[in-house]
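Enquirer: fold the following for me, if possible:
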Amino acid sequence: MPFLSRLSPALCLAAALGLGLALPATAVRSEDAGAYLAAQAAATDSNYAAAATYYQRLLADDPTDERVQEGLLVSLLSLGDMAAARDLAAQMVTAKQPSQVAVLVMLAEAARSGDFAAGQALLDRGGDAGQLVGGLYKAWALAGAGKMSEAMDSFKALGKIEGLEGFAAYHRALAAALVGDHEGAEKIFSGKYADYFNGTRRGILAHAQVLSQLERDSDAVALIDRAYGDTAPPEIAAIRKQLAAGETLPFTRIGSARDGVAEVFQSVALALSADSLPGFALIHARLALWLRPDDVDAALLIADILESQDQYDLAIAAYAEIGPDNPAFYAAELGRAQAMVSAGQSDAAIGVLEALSRSHPDLPNAWSSLGDTLRREERYAEAATAYDKAIALTGTPRPADWSLWYSRAIAQERSGQWDKAEKGFREALKLSPDQPMVLNYLGYSYVEKRQNLKEALEMIEKAVAGRPDDGYVTDSLGWAYYRLGRYDEAVVQMEKAVELTPADPLLNDHLGDVYWAVGRQREAEFQWHRALNLGPSPDLDPNRVRRKLEVGLDAVLKEEGAAPLHPDHAQN
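Expert: This is a model prediction of the structure:
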């Protein structure tokens, strides 16, 4: 949540949570050193399955090694093996100074079973959950015991600690709404931290439900409109529709003190994720989902973190946990498909997106994502068709929609539908006139086709002004000068392009051509050799490059029936 991250920068948040996972300085036997180092390396690489295997082997040799226990517990939690994590944590909290992660697990277990007294007893005997989680847990434990007045006092006390005010206020509002004090909850939601609460999906939904309970549906609609405008995702749009129709929404953000503890872990997970602490965020999100299996936000956060750690199989499995009856199913399927693409499973991703476009035929994102994936696989004609569907569902285009028209135009151009593509590029420029990517692509296409060269040059010059450090855009400018016979100017731009993007085969090939055009033949041959060595490239014909090395560019152009180079330069 933005208010969490803004009130608690990474260092402050880590301090409030007591993070650091300082482990006891136990010695590692020399015969186990290799396995321990392998376990640590696997954990550092977020390879949780491998890390767990190594730690389990080490623990078999010495079941009391607290350092190994800690590593195994973190790995099990990261994998989502909550039963094994709970069993291990139950052993670990009997230590004189129990691991903080083990304490967190057992606090979650106490909340799951409704035994808040056990959780509070663990904290009372020295279990360290950190100032933030420990304080919020205590308050929710009091709520779970029916001591709501004391719980609210506990939330208020926590809110007096610098950096924790936003956390405490948010949870106090939820607790008030839980017991039916919707006026009290609304006062908090509209108070000091209103901008932060109303800037997050969870805060918006909770606040909207509270407003609806107060028979203020129109205010709830206005809240959603301010946050999303006309870009609300389907599940939010459905809620808005209910509110606009005058339906009273039940307060379902949390339904019990157990849900409140789940919200504690989810709040912390979101803040840690925003503060670039994904490992800790993953642990807290796993605990949140364990307590509340229907929390789609926790499930999506878990999948997103795993994907960012290149743990694609785990991410795919996490996305797959969100079933078709869930309003966020479409978002999970889009995420699952993207994880599959990242894992090199493009065919499977296309299958997922095709199924999604059938189950959600009116969802533009399903079609545009399908188009993007088909285009990456060079299935351009199919991609263009998918983009057609997305555009048809988009309605009146907005400036931000330029990329959809641009993507379709690329697919059309690559599938031989130039007339359609040209119109599409022009439409994208109407939506975003100064967009460098569109200007460059259309301008370069004109240069290659030797059409509208003056306008093409103007487009590319404008693109370069917008993206002066982009080697590909600069290459387009150099190539335009080359096509216009302005070879000296072409050299300047092409050398800059290769300096910006030195490892691209096509750019090096182009530099070779312009060197040849100004009579620098040895340098041209060097660049052509370099282009071949850097290949392969889908945009470069290696046989043509080899032919240039054999007979020179002039002869190749003659063989191709192309116009010769400018005679003043070709003969220098």
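Enquirer: now do the strand or helix carrying Val491: everything it contacts.
Expert: Element membership for Val491 (DSSP states H and E) is helix 487-500. Applying C-beta atoms under 8 Å, 6 or more residues apart in numbering, the external contacts of helix 487-500 come out as 469-472, 474-475, 477-479, 481-482, 504, 507-508, 510-511, 514-515, 517-518, 527, 565-566, 569. Quick note: C-beta positions are derived from backbone N, CA and C, even for glycine.
Enquirer: now do the buried residues in it.
Expert: 487, 489-491, 493-494, 496-498, 500 (16 or more other C-beta atoms under 10 Å).
Enquirer: can you give me the buried ones in stretch 547-556?
Expert: If you call a residue buried by 16+ other C-beta under 10 Å, then stretch 547-556 has these buried ones: 547-549, 552-553, 556.
Enquirer: contacting residues around that stretch?
Expert: 512-513, 516-517, 521, 524-525, 528-529, 544, 559, 564-565, 570.
Enquirer: and if you look at stretch 380-397?
Expert: With C-beta under 8 Å, 6+ apart as the test, stretch 380-397 has contacts from 357, 362-365, 367-368, 370-372, 374-375, 401, 404-405, 407-408, 410-412, 414-415, 417, 420, 427, 431.
Enquirer: could you redo the last one with a cut-off of 7 Å?
Expert: Stretch 380-397 has contacts (C-beta atoms under 7 Å, 6 or more residues apart in numbering) with 362, 364, 367-368, 370-371, 374-375, 401, 404, 407-408, 411-412, 414-415, 417, 431.
Enquirer: do stretch 206-215 as well
Expert: 174, 177, 182-183, 185-186, 189, 197-198, 219-220, 223-224, 239, 243, 248-249, 251-253.
Enquirer: buried subset of those residues as a ChimeraX selection?
Expert: Of the contacts of stretch 206-215, the buried ones go into a single ChimeraX selection, burial set by 16+ other C-beta under 10 Å:
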select :174,177,182,185,186,189,197,198,219,220,223,224,239,243,249,251,253
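Enquirer: now intersect the contacts of stretch 206-215 with the strands, please.
Expert: With strands taken from DSSP state E, there is no overlap with those.
Enquirer: follow-up on the earlier one: in PyMOL, how would I select just the buried ones from the contacts of helix 487-500?
Expert: To isolate the buried members of the contacts of helix 487-500 in PyMOL, using 16+ other C-beta under 10 Å:
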select buried, resi 470+471+472+474+475+477+478+479+481+482+504+507+508+510+511+514+515+517+518+527+565+569
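Enquirer: separation between Ala317 and Ala49?
Expert: 12 Å (C-beta to C-beta, to the nearest Å).
Enquirer: more crowded one of these two?
Expert: It is Ala317, of Ala317 and Ala49, that has more neighbours when counted by other C-beta atoms under 10 Å, with 17 against 14.
Enquirer: host element of that one?
Expert: Using DSSP H and E, Ala317 falls in helix 312-320.
Enquirer: Ala157 too?
Expert: Secondary structure assigned from DSSP H and E places Ala157 in helix 148-158.
Enquirer: kindly report the same for Gly34.
Expert: Per DSSP H and E: helix 33-44 holds Gly34.
Enquirer: one more: Gln120?
Expert: Going by DSSP H and E, Gln120 is in helix 116-124.
Enquirer: touching, Ala337 and Ala348? I think so.
Expert: No: between Ala337 and Ala348 there is no contact under C-beta atoms under 7 Å: 8.3 Å.
Enquirer: neighbour count: those two, which is higher?
Expert: With neighbours defined as other C-beta under 10 Å, Ala337 and Ala348 compare such that Ala337 has more, 28 against 15.
Enquirer: which ones are touching the more buried one?
Expert: 349, 352-353, 369, 373.
Enquirer: just Ile302 next, same as before
Expert: Ile302 sits next to 282, 285-286, 289, 318 when contact means C-beta under 7 Å, 6+ apart.
Enquirer: sort out for me which of those residues are in helices.
Expert: 282, 285-286, 289, 318 (DSSP state H).
Enquirer: so where's the stretch 151-300 of the chain uncertain?
Expert: For the stretch 151-300 of the chain, applying pLDDT under 70 flags no range at all.
Enquirer: in TSV, list the buried residues of stretch 547-556 along with distance to Ile302, secondary structure and pLDDT.
Expert: Below are these laid out as TSV (distance: C-beta to C-beta, whole Å; DSSP: H, G, I helix; E, B strand; the rest coil; pLDDT from 0 to 100):
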residue	distance to Ile302	secondary structure	pLDDT
Arg547	54	helix	97
Lys548	53	helix	97
Leu549	54	helix	97
Gly552	59	coil	96
Leu553	56	helix	97
Val556	56	helix	97
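Enquirer: give me the phi and psi for Asn326.
Expert: phi -80, psi 140 (degrees, to the nearest 10).
Enquirer: I'd say it and Asp297 touch.
Expert: No: assessed by C-beta under 7 Å, Asn326 is found out of contact with Asp297, at 11.3 Å.
Enquirer: neighbour-wise, which of the two wins?
Expert: Each of Asn326 and Asp297 has its neighbours counted (other C-beta under 10 Å); Asp297 has more, 20 against 15.
Enquirer: and that one, how far from Ala303?
Expert: 11 Å.
Enquirer: repeat for Ala83
Expert: From Ala83 to Ala303 the distance is 21 Å (C-beta to C-beta).
Enquirer: between those two, which one's more packed in?
Expert: For Ala83 versus Ala303, neighbours defined as other C-beta under 10 Å are more numerous around Ala303 (27 against 9).
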